[in-house]
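**Q** predicted structure and sequence below. I'll ask about it afterward.
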Amino acid sequence: IEYMLMPKTLQNKKILVSAGPTQESIDPVRFITNHSSGKMGYALARHAFLLGAQVTLISGPTSLAKPYGVEVIDVVSAKEMHDEIMQRVHDYDYIIMAATVGDYSCQTIAQEKIKKSDDTLTLQLQKNQDILYKIGQQRSSHQVICGFAMETQDLIQNAKQKLKKKNCDMIVANHLKTKGAGFQGDTNVVSILTPDDIQHYELMSKNELSVLILNQMKQWEDEKC
Ligand code: CTP
Ligand code: CA
């Protein structure tokens, strides 16, 4: 019923969404990750389908059910997410990087469980590739690209830099310290930046926000051409 009620404004669009955290192995029993629940990306994928799009969701490890009608590709590490996205990204009209991709991974993954010994333990980490940056470098002008920005300070300034540096059309910026915003909950508080505009929004559900983001991407596309 929900499917029939939604206007099919994204019919004929192919949309790629990434969601969730990534996990970087330390040894056979441990990993490094972050607090992302995947809820924002899953809500985006679900609503993109409800609005008539053909949707692929590249998902890090989450506890969420697969959204109906969406092709889901499960990944674990940032490298796997990078590889799955980069091999197909040119096929899509809209790309939304809602995943909280780990910035660093272990330089070497221990073959055996690391036994405790000294009072301190140092792990050597290496920077992961920035997927959104690479998408922005290789993009074609008709694609619409949306990234997120997670900040605890200087939200707008940092988000503006990310919009420019990563060559995106849109950045959804959330301030992790605002009540109701960020990782685990069902709500978010965001500002949406495009190259010529910034809109600030009140607290809303991740469902509402996903429809807002998708509508804005469509509007941006319609304005561009
Ligand atoms: N992102 C990505 N690949 C990475 C890191 C981030 O594609 N290796 C994407 C995220 O999915 C998000 C955007 O880049 O859409 C911004 O992520 P964020 O963590 O806020 O910014 P970073 O560029 O990683 O910078 P920093 O964490 O230092 O603020
Ligand atoms: Ca980061």
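**A** Nice, thanks for sending it over. Ligands and ions are numbered 1, 2, ... in the order given.

**Q** other residues contacting the longest helix along the chain?
**A** Among the elements of type helix in the chain, defined by DSSP state H, the one spanning the most residues is helix 206-224. Outside helix 206-224, the residues that touch it by CB atoms under 8 Å, 6 or more residues apart in numbering are 9-10, 39-40, 43-44, 46-48, 51, 93-94, 96, 141-142, 144, 146, 169-170, 172, 186-188, 190, 192, 194, 201, 204. Heads up, the C-betas are built off the backbone N, CA and C, glycines and all.

**Q** does any part of that helix sit near ligand 1?
**A** No: between helix 206-224 and ligand 1, judged by CB under 6 Å from any ligand atom, nothing touches; the nearest distance is 12.0 Å.

**Q** how about that helix: buried residues?
**A** Taking 16 or more other CB atoms under 10 Å as the basis for neighbour counts, the residues of helix 206-224 that come out buried are 206-207, 209-214, 216-218, 220-221.

**Q** next one: stretch 54-74
**A** When neighbours are counted by 16+ other CB under 10 Å, the buried residues of stretch 54-74 are found to be 54-62, 64, 67, 70, 72.

**Q** please pull out the lowest mean pLDDT helix or strand from this protein.
**A** The helix or strand of the chain with the poorest confidence is helix 2-5; it has a mean of 87 (mean pLDDT, DSSP states H and E).

**Q** quick one, the helix or strand following that helix and helix 206-224 angle?
**A** As assigned by DSSP states H and E, the chain's next helix or strand after helix 2-5 is strand 14-19. If you take axes from the mean of the first three to the mean of the last three CA atoms, to 10 degrees, strand 14-19 sits at 140 degrees to helix 206-224.

**Q** where does Met150 land in three-state SS?
**A** The three-state label for Met150, taken from DSSP: H, G, I helix; E, B strand; the rest coil, comes out as strand.

**Q** pretty sure it is touching Ala99, no?
**A** No: using CB atoms under 8 Å, Met150 is not in contact with Ala99; the gap is 11.0 Å.

**Q** so for these two, which sits in the more crowded spot?
**A** A direct count of neighbours by other CB atoms under 10 Å for Met150 and Ala99 places Ala99 higher, at 27 against 20.

**Q** from what I can see the more buried one touches Ala19, true?
**A** Yes: the pair Ala99 and Ala19 qualifies as a contact (CB under 8 Å) at a distance of 5.5 Å.

**Q** so what's Glu71 up against?
**A** Glu71 makes contact with Val55, Thr56, Leu57 under the criterion CB under 8 Å, 6+ apart.

**Q** closest to ligand 1 out of those?
**A** Nearest to ligand 1, judged by CB to the nearest ligand atom, of these is Leu57 at 13.5 Å.

**Q** sorry, back to before: tell me which of the contacts of helix 206-224 fall in strands.
**A** Taking DSSP state E as the definition of strands, the contacts of helix 206-224 contribute Tyr94, Ile96, Val144, Cys146, Met170, Val172, Thr187, Asn188, Val190, Ile192, Thr194, Met204.

**Q** the third one: neighbour count?
**A** Residues lying near Val144 (other CB under 10 Å) number 22.

**Q** contact residues of the protein facing ligand 1?
**A** Where the chain comes near ligand 1, counting by CB under 6 Å from any ligand atom, the residues are 78, 97, 99, 101, 103, 128, 130-132, 147-150, 162.

**Q** which of those residues are buried?
**A** With burial judged by 16+ other CB under 10 Å, the buried subset of those is 78, 97, 99, 101, 128, 130-132, 147-150, 162.

**Q** centroid residue for the chain?
**A** Ala98 (1.3 Å; CA atoms, centre = their mean).
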